[in-house]
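Undergrad: Structure here, sequence nowhere to be found:
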Ligand SMILES: Nc1ncnc2c1ncn2[C@@H]1O[C@H](COP(=O)(O)OP(=O)(O)OP(=O)(O)O)[C@@H](O)[C@H]1O
Ligand SMILES: Nc1ncnc2c1ncn2[C@@H]1O[C@H](COP(=O)(O)OP(=O)(O)OP(=O)(O)O)[C@@H](O)[C@H]1O
Ligand SMILES: [Mg+2]
Ligand SMILES: [Mg+2]
């Protein structure tokens, strides 16, 4: 229970910190969205227009930062993230709504898959320490050192070279209308395959290594020896005693590591032009679309927090020591 | 109690330490303050040239007493007097006053494997201690001499062989000697030894204990020897104090307390201690255990077939009212459940007391 | 048979029994660290990169920005890694680009380590509101997705040279280290040797600086290396997406040009493969060293002890948890080897 | 998005696929006034809201084609415009377009600064019968084309909007040949209207798709998923044209604007016109065109006046006709040494004896400009100038350019129907701001009363002769003082495929500029016929 | 009053007629190359039916290694390099535990030999309920049993070791140290094994709890008649608790004798020293001797008798030849063995 209260305070604090960072960072940006828009239109916009754009974006008002902060919080409390400059006049929320599901699916599915695969492999490699499986470790180290985006580039070029057997960009074929029909879902899955494989390949190594190390540590614990001494089957010893306990740090690290995973995934989206948050964010940054940057950053942070929360619950379920004593 | 002839070096009166408990769950919402009553109302005095032993089961507050005396914890209440001078509470926060205090009162830790920093060698440990207490002298030569002298006192000779060693290169006994040397570097008057041998191998324990005894005699130190091994208290100490659940329950001359324990808890402790002689001279052992009863009214209550006290030590967060031992005590009376027993004299030597209502009649 | 009681036991053991650990611990530890195959491999690779970083422009065959008439050529004798769309030598770019990568990595690692040590150790050693809030801040920094934050900040700062990038990365990525250090400090500060030093009369800053910090060396080193890895990856990612305006060459810059000039559809694989491989190699080398440190800290992870061996009868025997191997070797002569 | 497979599904006949690599994946926004809108990004705004008249931007001197206006007259020294409105035009909701709608289309700009894209100084608007009269503050000679390209919107629909600059116009009512059929986050599909006021186009359906970037747009082009696009392709010949030389084409006619190297003319020694002229003489525009602009994207500016040809041919003074800038190191050196510059070994020293160095800067991710700078750096080395390249942060760069905190940058100029826009942008001292204050033109702080007077004379002139005289004066200043070194023209081009549709404009038949987001695309679509 | 009585049941000695476990020449190494630590060297020991065999010796002398080695539970890099461990079930053929196939070994474990490990907190998996861990054992060895029956059995076991059955579903951290240790003891008896190995089962506990638990063990042994291999370095405890005591030093057994005999008259100087390192609680205050020096380094064993550098009574042969464990020629009539040149073997050199 205390664990929960502390965690809860932590969530609130982090959310507040994220909101505040979020508010201040764009305000320190030296440029402004109009010149950024001009940049985007290189040569196709005249100087006179800049003035009207400034008015259009409501940038001619001057308010104290504190007032802006209060306004911002007030807006947030209504779920209002403002209007996206870059997609004027759409509200940030609708931009997010169109991009978020893609990212959530991509990150969610790939993270779970790579966590599962990495952890399982880690269990096996850690348990069978000293066998030929140790040969996996250098390979894994190498794979996990490759930047996600570069692996993505390689994947794209391999697929290109091999004659486009998989779609290399986008979330679905242009012209398809997103809907819950088989054709669309199949198409979306097909498009998600390459980014997903990239992320899984690049991130599975990390999970594998950490799980393997935990396994090695846990295997030397007395209770594992006791489990052997009890004459339990190997399976029961590995899964019920060694892996079960080795999983705990992985689970608590899971939420934390998401912050890193998200960063890598953003670049993968960029490489594969995957219509998710990451791509939106890089574009928003190029256009100096503060409200959108803020919105994305906020949503991503909150999503990571939510994932942390889930990981906490999982941890709570897995580790009785954190529960309130009777 | 009669005033002992020897000089009192360190004296504690009404020493109390409550650790605040982190609130959890619903309790966090209430205003009630919960504390661990680790040490409650403890009186003790350390005499020059004498070993006072503090025994008691694990968690009874022995280490806390030691740390309070060393000013490593601020006390909740009570007084600590060094040569009759009270020490203000602020001493525990460090600073010059703390340094002056710890020059005179030094603590030796239970675990020599943990109390030396693995990254520093013996020379560093000892030099620091000398420097801090201004006993390093001027220049390299004097320092060398001081170090050699120190190591010599704890019988680690020749000094040069040990100075450059790291803790992991020393055996347990050697480490404990280094720890003792460090305490001696301050040239203290009182040495608080918190289970100094419990982590050592049986075959080397004795060496350390003998060393301490030797120091006591040569340097005329006042030593507080904390242990849970009542047999070693008998062997090593002049006076024995018994603690149970944060309170002193019995005290007196070491031979008396170990051979004729008065308080039911002390009796339990003595009974429980492994004793090879029990096998060979069963009758004698029983006779001695019964002998404890002579001292008071317990005689009628004791006897063979008395139930073995079971159960667990009480929670220190909400300790039992009255005598803290009453839930486990085979001789429990109604009074024990409600009223805290004061120190009551046992026997007629005047040195032996117990905090147990069983001795009320005798004392009165 | 009772021998005369020795009374006081002599503490001096027979000379031939002690003196085993002649070399001081550091020296022995370092040797053990270096003997580890992973560490050596990693260090050798790092050394090569370091040499390249230092010599950089002096060993590069061409000026990396210099145009030539060999436009978009594949690898060959003249240009080992081929050329770009304006005839720049990619090999030279990789060589010259090493310096910036190493610099940002090391500088960011140093910044993050210093911040992490300060915050981690203080929040671990002190108690109370200050420590709690420091630890809360580091938790916040862990949860907040780092790369997006860095991209945003890099956009904010007007002049993003190597120094700036290193500072930004360093200032945002200290949290993992701080967390580890805090946890370790929390356990260290209650250790007896710290209490003992306090009881000796050491001042607080000496306790932190001389008693606790030296015990954290391995963790500090490992978190430093971790941050360097992260910083390098981040710097390259920043250059790749074009948000950092790094004027000097670095590997990300090469990838940025390759991406911007559509090296992929043009089939110019040589444009992005070498830089990417260098990143991966550098990362691998750092990981290897880091494993070495991990194993150094946690002996259980040490794998250099042989885990399988050939028994006398020629069978391969693997050490297996729970089933201790039995090698009924021809009884080795009496075991009094020494 | 790109596989051969997807090409098969989208290659239905009767469909024209327009693709743009600008990355928006969004709920559609059809607002014709908003740059960020789908309609503008993908160009289909012109297929729904038609302009009053259509200027062939490939031939800026040609007369505009009447479109929704059949006739227009300028009076009052180009400050009053009288329009005659076509009368057989029907809105897509069936109602007829009236002069009222046209007048409203001006009124809305006057009333909403946000939608007044070109910041036109509209004084008042009135309509009667089929004529509309618009009064402006001052001569609008230089804005003629922009004013005539005003899109006509439905008064009923727009006057009901709370804020026209924020509406996404989900169901647009327009006069154009197409109406929206469906919208997905990446594709807008348009259907041809049967009741269009002209002969309905042959293209039955248009799909406008947004691609995330150049890398994804290219495969779409080569796989046939896109028929028409505007994107920068490095090495377009091998990556695009060579894939199907019979059908894959590109044509990039120049616009009347220039990209080039701007100097901070207040900084010594770059305030010295001789130095600037000498530098211009060594900049290799061919390399910039071939390597920086991949040999096609931004056409090379040959003429020393900086006016892009052939679009700007008619404007070039006789004395400069055919005079092209050629890399000429010897002449450049002579120009320098004749004017007080000296050499110490290979290093150029200015008249005060200081070595001439400069920093060239542009945002890091502007690939083509960065390449251009690399080339220029090389070129300048030939006359002993040491240049370094600063890959600036984009915002810092914009800030620095506006405030005049730079040595030299690659930057563009404004463009228009005449070279006036371009020159005015470079030299008008009415735009002059002190260093440190953000300027919205004349970033180089070029202060020439002569040039300013000539620019004024051009707008004030009442006849072509007067204008020509003023323009020639400006050209002369440009050639002699080189306040900026023009290297490339703005472009109006596109990549396209003739596999399914023919009838595209090209060099041999430049009836329109062919960029799919420019007004001319409307005319292009009407010209397209299925390939047999 | 008597709060305690002697822990040993005298009659048990007569039951112990034949061997239930016979360790012969067991050698255990840590590591396989030249750096290997030889932790157990050529140990032979017999555990008789129903007896308590105490194993004492200082830290690092190889007591735990011996105990785990005979059950093949040593973690890597432990290797059994020689010897046999013959288990003789009451009804059936003796088997060598070291040659059992994994499946047979699993079946043998816990059903025939169970182990109570050094620290109970570490022996119980912190994330599983006590019930799960108890049931695991039962289920592994009697797969057919119903869950309800297993739970009943688990409850019965807890009651047997003096824990209220309602703590069945508690997690280890919710129990006190003593309770956890009892849970382990209960678990060790779950399958009514013939042998229980106890490796310092009470060192972490205070004396009162220690006595309670030992008493419990004694009672249970009376009920079930299993044999105990009891490991500790507390000799005074062993003397009181066990029938026979073996003393280990430097990986070897240096002396083995009935408990009382050893206490009264230890032959090996090391045993003697050990016995005289404990202050006695009762009886006259005697001077304690202690043992000088420090334990040997297993990787650099002294030549000859490994105790000789510390031995107050060493003489010439000690540094040269390793004394062999055998019944001493000067005490042929006592059932004891010793490895010391002061008491060269008589009949046992055979
Ligand atoms: N820092 C602390 N915070 C809270 N409670 C504490 C703290 N230190 C000790 N306690 C509690 O105070 C009581 C007494 O502890 P103490 O360490 O003094 O016992 P001890 O007699 O020395 O035991 P042992 O023999 O195991 O060393 C215990 O219940 C312990 O849990
Ligand atoms: N994994 C290992 N690798 C190398 N040596 C080991 C290992 N485990 C134990 N040893 C060594 O084997 C020797 C015997 O260890 P063991 O644990 O059997 O001693 P013990 O008598 O049980 O000691 P304690 O009383 O401390 O439990 C020790 O010297 C120890 O250093
Ligand atoms: Mg203690
Ligand atoms: Mg052991």
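TA: Cool, the structure landed. Here the structure is a predicted model, which is why all the values come from computation and not from measurement. Ligands and ions are numbered 1, 2, ... in the order given.
Undergrad: Name the helix or strand of chain D that has the lowest mean pLDDT.
TA: helix D:4-10 (a mean of 36; mean pLDDT, DSSP states H and E).
Undergrad: Show the subsequent helix or strand relative to that one.
TA: strand D:15-20 (DSSP states H and E).
Undergrad: List of residues touching that following strand?
TA: A:174, D:10, D:41-44, D:203-211, D:217, D:220-221, D:225-231, D:500-501, D:516-517, D:525, D:528 (C-beta atoms under 8 Å, 6 or more residues apart in numbering or on different chains). Backbone N, C-alpha and C define where each C-beta goes, glycine included.
Undergrad: Recalculate using a threshold of 6 Å.
TA: D:41-42, D:203, D:205-211, D:217, D:220, D:226-229, D:501, D:516 (C-beta atoms under 6 Å, 6 or more residues apart in numbering or on different chains).
Undergrad: need the contact list for residue E:20.
TA: Residue E:20 touches E:47, E:49, E:88, E:194, E:227, counting by C-beta under 6 Å, 6+ apart.
Undergrad: now residue D:49
TA: For residue D:49, the contacting residues are D:32, D:151, D:153, D:174, by C-beta under 6 Å, 6+ apart.
Undergrad: ok, back up a step: mind checking which of the contacts of strand D:15-20 land in strands?
TA: Using DSSP state E, the members of these that fall within strands are D:205, D:206, D:207, D:208, D:209, D:210, D:228, D:229, D:501.
Undergrad: Please identify which of the residues you listed is nearest to residue B:100.
TA: residue D:210 (78.7 Å; C-beta to C-beta).
Undergrad: my read: the closest one touches residue D:184, true?
TA: No: the pair residue D:210 and residue D:184 does not pass the contact test of C-beta atoms under 6 Å, sitting 10.2 Å apart.
Undergrad: So which of these two has more stuff around it?
TA: The neighbour count for residue D:210 versus residue D:184, taken as other C-beta atoms under 10 Å in any protein chain shown, is higher for residue D:210 (26 against 20).
Undergrad: Look up which residues are beta-bridged to the more buried one.
TA: residue D:20 (DSSP bridges).
Undergrad: Number of residues surrounding residue E:156?
TA: Neighbours around residue E:156, by other C-beta under 10 Å: 12.
Undergrad: For my notes, confirm it occurs in a helix.
TA: Yes: counting by DSSP: H, G, I helix; E, B strand; the rest coil, residue E:156 is part of a helix.
Undergrad: Kindly state the pLDDT recorded for it?
TA: As predicted, residue E:156 sits at a pLDDT of 91.
Undergrad: Might you report the residue contacts of residue C:239?
TA: C:246, C:250, C:252, C:253, C:256.
Undergrad: which element is it on?
TA: Counting by DSSP H and E, residue C:239 is part of helix C:217-241.
Undergrad: Would you mind checking the average pLDDT for that helix?
TA: pLDDT averaged over helix C:217-241 gives 89.
Undergrad: Could you look up the next helix or strand downstream of that helix?
TA: helix C:251-260.
Undergrad: Could you figure out how far that next one is turned away from helix C:217-241?
TA: For helix C:251-260 against helix C:217-241, the angle by axes from the mean of the first three to the mean of the last three C-alpha atoms, to 10 degrees is 30 degrees.
Undergrad: Flag every buried residue along the biggest helix by length in chain D.
TA: In chain D, assigned by DSSP state H, the helix with the most residues is helix D:464-481. Neighbour-count burial for helix D:464-481, counted by 16 or more other C-beta atoms under 10 Å in any protein chain shown, picks out D:467, D:469-479, D:481.
Undergrad: Quick one: the residues you listed as TSV, columns for pLDDT and distance to residue E:168 too.
TA: Output for the buried residues of helix D:464-481, formatted as TSV (pLDDT from 0 to 100; distance: C-beta to C-beta, whole Å):
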residue	pLDDT	distance to residue E:168
D:467	89	102
D:469	92	107
D:470	93	102
D:471	93	100
D:472	93	104
D:473	93	104
D:474	94	98
D:475	94	100
D:476	93	103
D:477	94	99
D:478	93	96
D:479	92	100
D:481	92	97
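Undergrad: Now for the residue nearest to residue D:59 when sequence neighbours are not counted, how many residues are close by?
TA: Setting aside the residues directly before and after it, residue D:59 is nearest to residue D:510 in space (C-beta to C-beta, 6 or more residues apart in numbering or on different chains), at 6.3 Å. By other C-beta under 10 Å, the residues close to residue D:510 number 18.
Undergrad: ditto for the one 4 residues further on
TA: Residue D:514 is surrounded by 28 other residues when neighbours are defined as other C-beta under 10 Å.
Undergrad: is it true that it touches residue D:507?
TA: No: in this structure, residue D:514 is not within contact of residue D:507 by C-beta under 6 Å, at 10.7 Å.
Undergrad: what's the overlap in contacts for those two?
TA: Counting by C-beta under 6 Å, 6+ apart, residue D:514 and residue D:507 have no shared contacts at all.
Undergrad: where does chain B have its least confident helix or strand?
TA: helix B:282-294 (a mean of 34).
Undergrad: In the helix or strand following that helix, which residues are buried?
TA: Using DSSP H and E, the helix or strand that directly follows helix B:282-294 along the chain is helix B:334-338. The neighbour-count check on helix B:334-338 (16+ other C-beta under 10 Å) flags residue B:336 as buried.
Undergrad: For the helix or strand immediately after helix B:334-338 in the chain, which strands pair with it and how are they oriented?
TA: With elements assigned by DSSP H and E, the helix or strand that comes after helix B:334-338 is strand B:344-345. Strand pairing for strand B:344-345, using DSSP bridges, gives strand B:353-354 (antiparallel).
Undergrad: outside of the partner strand, which residues touch it?
TA: Strand B:353-354 is contacted from outside by B:250, B:251, B:262, B:263, B:343, B:345, B:346, using C-beta under 6 Å, 6+ apart.
Undergrad: do the same with stretch A:184-203
TA: Stretch A:184-203 is contacted from outside by A:110, A:113-114, A:148, A:151-152, A:155, A:166-167, A:170-173, A:176, A:265, A:268, A:272, A:274, using C-beta under 6 Å, 6+ apart.
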